[in-house]
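Enquirer: generate coordinates for the sequence data below:
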Amino acid sequence: MSIKSTINKMGQLKLYGMISALNGVMEVGISGLSHEELLSNLVDSEWEDRQNRKLTKLIKVAKFRYSASIEEIKFSPDRNFSKNMFLKFSDSSWIEKKINIIITCPTGVGKSYIATALDHQACIWGYKSLYFNFQKLLSHKEN
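Expert: Model (predicted):
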């Protein structure tokens, strides 16, 4: 069996991460890698590729208004937003407990940005998210 045939079969099985890793290993050579290390490398690459594709899809479906992350949140005094309060939501427990979060403050302070950062983090944890501002939420009908 040729390597091209193997790569073709991997493509049919949609093992794109393994194909990429195998091509990389073939370019630099497999000297020094045991069979177990090679297999582990291929499986790890496939797992990472699938996780990345899943995250990309979750973020695309969420239709975020902003590109935001919780690491980028600024806790300035004009926001009147406590870092300690925010850190309570920096893990997925609020999602698992089905706790709703309502963010209220004056216009232009960054409510949408904060909500997007929390939703983006939820996508990283593997949860589905969908971004709406309040006006769109009121008019949204589930299919």
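Enquirer: for the rest of this, base every contact and every neighbour count on C-alpha atoms.
Expert: Will do.
Enquirer: tell me the secondary structure at the nearest residue to residue 82 once chain neighbours are set aside.
Expert: Leaving aside its sequence neighbours, residue 82 sits nearest to residue 75 (CA to CA, 6 or more residues apart in numbering; 6.7 Å). Secondary structure state of residue 75, per DSSP: H, G, I helix; E, B strand; the rest coil, is coil.
Enquirer: next, count neighbours for residue 92.
Expert: 16 (other CA atoms under 10 Å).
Enquirer: who's in contact with it?
Expert: Residues in contact with residue 92 (CA atoms under 8 Å, 6 or more residues apart in numbering) are 122, 125.
Enquirer: pLDDT value on it, please?
Expert: At residue 92, the model reports a pLDDT of 84.
Enquirer: that one and residue 70, how far apart?
Expert: 13 Å (CA to CA, to the nearest Å).
Enquirer: same question for residue 61.
Expert: Residue 61 is 19 Å from residue 70, by CA to CA.
Enquirer: those two: who's more crowded?
Expert: Per other CA under 10 Å, whichever of residue 61 and residue 70 has more neighbours is residue 70, with 19 against 13.
Enquirer: give the buried residues for stretch 48-61.
Expert: Buried residues in stretch 48-61, counted by 16 or more other CA atoms under 10 Å: 49-50, 55, 58-59.
Enquirer: in strands, which of those appear?
Expert: The strands, defined by DSSP state E, take in nothing from these.
Enquirer: now for residue 131: which residues touch it?
Expert: Here residue 131 is in contact with 62-65, 116, 119 (criterion: CA under 8 Å, 6+ apart).
Enquirer: measure it to residue 109 for me?
Expert: Applying CA to CA, the value for residue 131 to residue 109 is 18 Å.
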